[in-house]
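Novice: just the structure for this:
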Amino acid sequence: MAKYRKKTDAHGKLAEKLNRARVDFIKLDLDAALTFTSVAKTTRDAVTRDRNIANARKGYDTVRRYLAKSDLSREEVEEISDKVTLLEAALADLEEAAAKRESNEPEKTTPAKTVRPNSRGDSLRTTAFRLGLGPNFLADLLRL
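Specialist: Numbering: from 1, shown residues only. Predicted structure coming up:
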């Protein structure tokens, strides 16, 4: 009986680790998608804008898919839902602006909102450093 309990305990710990990794991934993907929308709002290059919108949309779709598989705490639900709402609004604004450009209507320009990438208030550079992504991570991300 003790052998069975050990396996169950090990399985529970592994499942918790997997869930924790999934939640961390969701948060990071949301941060990256928000960064992509910020770059898309501020760039003048249409190719860069379209690529960043597509990357943000892909991140949004990925987050939605992984949210269904995750067990979140109340605080995580609040934090993630706030970011998802920000991302949805940013994507809607970008898609509306794209539709106006396609119909040759004059586009209203609004200043890009500064979005802090995480609840700790760290900059993207600090977050990247904390995660061990290296000093060139930010430059590589902005080149996307």
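
Novice: now the helix ranked longest in the chain: average pLDDT?
Specialist: Looking across the chain with DSSP state H, the single longest helix is helix 2-42. When pLDDT is averaged along helix 2-42, the result is 85.

Novice: all numbers from here: first residue = 3
Specialist: Shifting the count to begin at 3 puts that one at helix 4-44.

Novice: buried residues in whatever helix or strand comes next after it?
Specialist: Using DSSP states H and E, the helix or strand that follows helix 4-44 in sequence is helix 48-69. Within helix 48-69, the residues scored as buried using 16 or more other CB atoms under 10 Å are 50-51, 53-55, 57-59, 61-62, 64-65, 69. Just so you know, the C-beta spots here come from the backbone N, C-alpha and C atoms, and that holds for glycine as well.

Novice: any idea which of these is closest to Glu97?
Specialist: Proximity of the buried residues of helix 48-69 to Glu97 (CB to CB) peaks at Ile55, which lies at 7.5 Å.

Novice: about what we covered before: from the buried residues of helix 48-69, which is closest to Glu98?
Specialist: Checking the buried residues of helix 48-69 against Glu98 by CB to CB gives Ile55 as the nearest, at 11.5 Å.

Novice: isn't the closest one right up against Leu93?
Specialist: Yes: Ile55 is within contact range of Leu93, at 7.4 Å (criterion: CB atoms under 8 Å).
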